[in-house]
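Novice: output the structure for:
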Amino acid sequence: MTPEQLATWRQLADAATPEGWSVEETCGDTTSVLFWNDDEKYYDSLAIKVSQADAAFIAAAREAVPALLDTVAERDAEIARLSTALYDEAAKQLGDAALENMQLRAAVEQFRAKWSAEHDEAVRLDERLKMAQAELANAKQEVLELLEDMGEVSRL
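Specialist: Numbering: from 1, shown residues only. Purely as a prediction, here's the structure:
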């Protein structure tokens with residue numbers, strides 16, 4: 001149902017003769033629908049060639065249509081209220097998630113910076129260790145060479 005249809009049906013219901021419609025016994029192939037004539041202050045009737053069931057439906061529709069329109073309006077209002085509440089909650093949760101995401105990104109960046117500094121220091125220490133090991137190996141070689149030279153000198 002479109003809002004335009006609902007509005008049209010509401011206008012028709014509001015413009016119709018007030019509630020209290022009923023069906024009178026069938027007279028031949030004509031059924032009468034009774035309704036209160038507010039202007040004249042008496043019951044009036046509409047004699048139409050329809051079945052008893054159709055006449056009963058027409059009479060019942062006078063009260064049913066406004067009630068149904070009211071129910072639709074109430075449900076539409078409830079849907080709008082719940083949609084707004086859901087949207088607000090989703091926006092809040094999204095905002096909370098965005099804040100948590102920002103905080104986590106900052107923590108990751110801090111960790112990355114710390115790790116990078118520690119990694120750089122570890123690389124420097126590793127390079128210094130390798131240099132020291134190379135110097136030690138050279139020193140050992142020099143000592144061995146000196147010892148060999150000394151051995152030869154002592155044999156002369």
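Novice: can you tell me the SS state at residue 24?
Specialist: Secondary structure, DSSP: H, G, I helix; E, B strand; the rest coil: residue 24 is strand.
Novice: please apply the same query to residue 33.
Specialist: Residue 33 ends up strand, using three-state DSSP.
Novice: count of neighbours near it?
Specialist: As a burial measure, residue 33 scores 21 neighbours (other Cβ atoms under 10 Å). In this view, the C-beta of every residue, glycine as well, is placed from N, C-alpha and C.
Novice: ranges for the strands of the chain?
Specialist: Using DSSP state E, the strands of the chain run over residues 22-27, 30-37, 42-48.
Novice: and the gap between residue 115 and residue 101?
Specialist: 21 Å (Cβ to Cβ, to the nearest Å).
Novice: let me fix that, I meant to ask about residue 58.
Specialist: Residue 58 is 62 Å from residue 101, by Cβ to Cβ.
Novice: ditto for residue 75
Specialist: Distance from residue 75 to residue 101, by Cβ to Cβ: 37 Å.
Novice: repeat for residue 147
Specialist: Taken as Cβ to Cβ, the span from residue 147 to residue 101 is 67 Å.
Novice: which helix of this protein spans the most residues?
Specialist: helix 52-155 (DSSP state H).
Novice: so what does it touch, helix or strand wise?
Specialist: Helices and strands touching helix 52-155, as assessed by 3 or more Cβ pairs under 8 Å, 6 or more residues apart in numbering; DSSP states H and E, comprise helix 3-15, strand 22-27, strand 30-37.
Novice: and the angle from the first one to helix 52-155?
Specialist: Orientation note: helix 3-15 sits at an angle of 150 degrees relative to helix 52-155 (axes from the mean of the first three to the mean of the last three Cα atoms, to 10 degrees).
Novice: pLDDT below threshold where in the chain?
Specialist: Scanning the chain for pLDDT under 70 picks out the ranges 25-32, 34-47, 152-156.
Novice: show me what contacts residue 14?
Specialist: residue 66 (Cβ atoms under 8 Å, 6 or more residues apart in numbering).
Novice: if we go to 10 Å?
Specialist: 66, 69 (Cβ atoms under 10 Å, 6 or more residues apart in numbering).
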